[in-house]
Structure formats: structure tokens, C-alpha cells
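Visitor: Make a model of this:
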Amino acid sequence: MKELLRTTDPTIIAFATAILEGEGIAVFPMDVHMSVLEGSIGILPRRLMVRDQDHFLARAIMGDHDIPCAN
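Guide: Prediction:
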């Protein structure tokens, strides 16, 4: 698993998930339930993970939609 995206904006996570799943790439959201620890103020970033073999293609798709990827 490789990290593709890290953000505090849940709309970007939803948009990226929809795009990647539409292209047949399985995505795995991480840190989704961290709001319990932070008190729902949205300061802890959420991550979107993809399989190692899908990482290159997923980064290209994200770039086509102007969504910045994690380093």
C-alpha cells in the first residue's frame, strides 16, 4: 500500500475516491474515524491509499484532475 493523498478536506477524498474507483483502481481511506479523537474540528489529515501496482496510474489520474498527491 502506498499513500496517494493526505488532506483535511473530506470533499477531496470523496472526489478522488469516485474518480479512481471509476477507473477501476481500488482505494483504501485511512484515518476516517480520527474525528472522535480530535473532537470533529477537522485538524487531523485523512489519507487515501492505493495498491503498490496501482500507484503510478493513480498519480497520473489525479494529476489529470488537478488533485495534488502526497509526496
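
Visitor: Tell me the secondary structure at the most centrally placed residue in the chain.
Guide: Central residue of the chain (C-alpha atoms, centre = their mean): Leu48, 2.8 Å from the mean position. Under DSSP: H, G, I helix; E, B strand; the rest coil, Leu48 falls in the strand class.

Visitor: Assign the spatially closest residue to it that is not a sequence neighbour to helix, strand or coil.
Guide: Using C-beta to C-beta, 6 or more residues apart in numbering and skipping the chain neighbours, the partner closest in space to Leu48 is Leu5 (4.1 Å). Any C-beta I mention is one placed from the backbone N, CA and C, and that applies to glycine too. Under three-state DSSP, the three-state class of Leu5 is strand.

Visitor: Look at Thr55 and say how many residues are nearby.
Guide: For the record, residue 55 is His, not Thr. When neighbours are defined as other C-beta atoms under 10 Å, His55 has 17 of them.

Visitor: Show me the helices in this protein, by range?
Guide: 10-22, 35-38, 55-64 (DSSP state H).

Visitor: From the contact counts, what lies against the last one?
Guide: Spelled out, that is helix 55-64. Judged by 3 or more C-beta pairs under 8 Å, 6 or more residues apart in numbering; DSSP states H and E, the packing partners of helix 55-64 are strand 2-7, helix 10-22.
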